[in-house]
Each structure stands twice: as C-alpha cells, then as structure tokens.
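# Let's see this in three dimensions:
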Amino acid sequence: MTTKTRSQKVAAPYDPSQFPAFAVTVDVVVLTMSEGTLQVLLIRRGVAPFEGMWAIPGGFKRPYETLDEAAKRELGEETGVDSANLLTQFGAYGDPGRDPRMNVVTVAYLAVLRKVGVVVAGTDAAPAALIPVSDALNGTIKLAFDHARIVRGAVERVRADLDLTGAATAFVGPTFTIAELRAVYEAVWAVRLDGANFRRSVVAEDGWVIPTGRRARPGAPGGKPAELYRAGRMWKYGSPVRRSQPNGRRKGAS
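Below you'll find the predicted structure:
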C-alpha cells in the first residue's frame with residue numbers, strides 16, 4: 001500500500017456548528033478637503049441599532065460578493081458616491097461587543113476624493129453630510145459602533161501616506177494653488193506650516209509642481225490672483241514635505 005504524502009491527505013471532516021457564527025461587514029471612510037478643513041462623509045442611521053446617530057457608510061457583505069464589491073455597493077447605496085477605483089483597505093476591526101446585534105468583523109476601506117459632489121442618502125440611511133474630522137474625533141459628534149476609532153485609523157493612514165507618498169495631490173484638483181496644497185498638509189497633520197518655506201520645498205526642485213501659466217480666480221479686492229500649478233512626476237516617489245527629518249525639524253514647517 002502506498003503511503004500518502006502530507007499534501008495528499010484528506011482533511012478531517014468538521015462540524016461547522018461547533019464554531020461560533022459571525023458576520024462580515026465593510027465600512028468606508030471617505031475623506032475630502034472642504035473650505036480648508038479635512039472632512040469625513042457620514043450618514044445618519046435610519047435603522048436600529050444606533051438609529052439617528054452619525055456613522056460611516058457601510059453594511060453587511062453578501063455571500064456572493066468580494067469585499068471590494070461590497071464596499072463599492074454600500075458606498076453607492078448609502079451616499080450615491082461612486083469611488084470604486086479609489087477604495088483601499090486599511091484595517092479590520094473585530095473586538096467583541098463592537099456590534100450589539102452579533103459578533104461582527106468589519107473590513108475598513110479608505111477613499112480620498114478631490115470633491116464629493118452631491119450626496120444622496122440611500123436605502124437604510126437618513127441624511128448624509130460632510131462633517132469636520134475634528135468633530136468626529138474629539139467627541140463633538142458621537143458616532144455609532146466603534147466608528148470614531150475607524151475614522152481615527154483612516155486619518156492615521158492618510159497622515160503616514162502624506163509623509164511618504166504623493167497622497168496630497170489626491171485632495172486637490174487637476175490644477176491648484178500652492179496655498180491649496182499647503183492647506184492639505186496643515187489639515188491632515190493638524191499643524192501650521194510657514195508659507196514661504198513650504199513654497200520653497202515644492203517649487204525649488206523640478207518635478208514636484210509645474211506652472212500652468214494660468215491664475216486662480218481673483219480673491220480679495222486688490223489682491224493678485226494666485227498662480228495655478230499641476231502635479232509633476234516626482235509625486236510618484238514621495239513627498240517634498242516630511243513630518244519628521246533627521247535633524248528633528250519638519251521641512252516646510254515654521
């Protein structure tokens with residue numbers, strides 16, 4: 001009789017009822033810049049549990065869906081926002097008791113949008129709105145479930161990405177002013193950056209920002225319209241502004 005190798009052995013049967021049941025959900029943190037502040041897209045829950053409270057868009061994964069498909073569907077159904085190509089997984093949350101209905105593990109997604117546009121509440125959600133991230137994190141606005149923790153995780157991910165990648169350009173339009181770009185760093189990192197130092201950091205070297213030859217719409221009466229730039233090729237390799245430097249100073253900071 002030929003002895004079976006380990007790879008040929010048939011797995012021992014098991015009884016699924018001996019394992020505790022749990023559900024899988026997806027939650028999507030949508031971040032954007034609006035009026036110079038970092039904002040998160042929230043929906044007001046229209047059903048129990050936590051009916052009437054603010055929450056991030058999300059819901060249960062259907063058996064036939066991939067996680068990405070579920071995230072895309074839930075975001076579209078609950079907000080009308082289509083960001084299928086921008087969704088990135090950044091974490092999973094499964095602490096016991098995080099959902100009063102049953103044992104639920106959620107996979108968290110992040111979407112950074114230049115502009116959210118018109119938000120339309122959907123199936124099981126009441127009104128949806130953009131809310132300052134600071135209000136969601138400091139408790140000014142109470143979030144359902146453990147969504148404040150999930151939003152905090154998303155912000156930490158973006159803070160790290162801003163330091164190491166070209167994520168800052170995802171928050172601005174195809175053309176932008178230096179002040180608009182600086183506002184992204186200031187809002188995400190919650191710091192104040194020196195305008196002159198920041199400008200030198202992004203303009204001094206070729207490849208970070210490229211002048212378009214055009215200017216923004218006039219601002220205050222008598223003020224000269226700011227010059228418009230577009231993102232250059234160097235953003236593929238990192239960021240010209242860093243939170244931490246070997247000498248302990250932030251490049252571009254005051």
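# Using the three-state scheme, assign the residue nearest the centre of the chain.
Nearest to the mean C-alpha position of the chain, by CA atoms, centre = their mean, lies Leu110 at 3.7 Å. Put simply, Leu110 is strand when judged by DSSP: H, G, I helix; E, B strand; the rest coil.
# which residues pair with it across the strands?
Leu110 forms beta bridges with Val29, Thr88, as assigned by DSSP bridges.
# do Pro211 as well
Tyr229.
# so what's it up against?
Glu227, Leu228, Tyr229 (CB atoms under 8 Å, 6 or more residues apart in numbering). Using the backbone N, CA and C atoms, a C-beta is placed for each residue, glycine as well.
# what helix or strand is Phe198 on?
Phe198 is part of helix 195-203, with elements assigned from DSSP states H and E.
# Just give the nearest non-adjacent residue to Ala183, would you?
In this structure, Ala183 finds its nearest non-sequential neighbour in Gly36, 5.0 Å apart by CB to CB, 6 or more residues apart in numbering.
# do Met102 as well
Ala23 (6.0 Å).
# burial of Ser17, as a residue count?
Residues near Ser17, counting by other CB atoms under 10 Å, number 7.
# In the protein, where's the longest helix?
In the chain, taking DSSP state H as the definition, the longest helix is helix 147-164.
# tell me what that one is packed against?
The contact analysis (3 or more CB pairs under 8 Å, 6 or more residues apart in numbering; DSSP states H and E) places helix 147-164 against strand 23-34, strand 37-45, strand 88-93, strand 104-112, helix 133-137, helix 178-189.
# Show me which positions of it end up buried.
147-151, 153-155, 157-158, 161-163 (16 or more other CB atoms under 10 Å).
# Give me the contact list for that helix.
27, 29, 31, 38, 40, 54-56, 90-91, 93, 106, 108, 110, 112, 133, 136-137, 139, 142-143, 167-168, 184-185, 188-189, 238-239, 242-244.
# Cross-check the contact I'm expecting between Ser83 and Leu31.
No: counting by CB atoms under 8 Å, Ser83 does not reach Leu31; the two are 10.8 Å apart.
# list the contacts for the spatially closest residue to Arg217 that is not a sequence neighbour?
Residue nearest to Arg217 in three dimensions, not counting chain neighbours: Pro225, with 6.5 Å by CB to CB, 6+ apart. Taking CB under 8 Å, 6+ apart, we find Pro225 in contact with Arg215, Ala216, Arg217, Pro218, Gly219.
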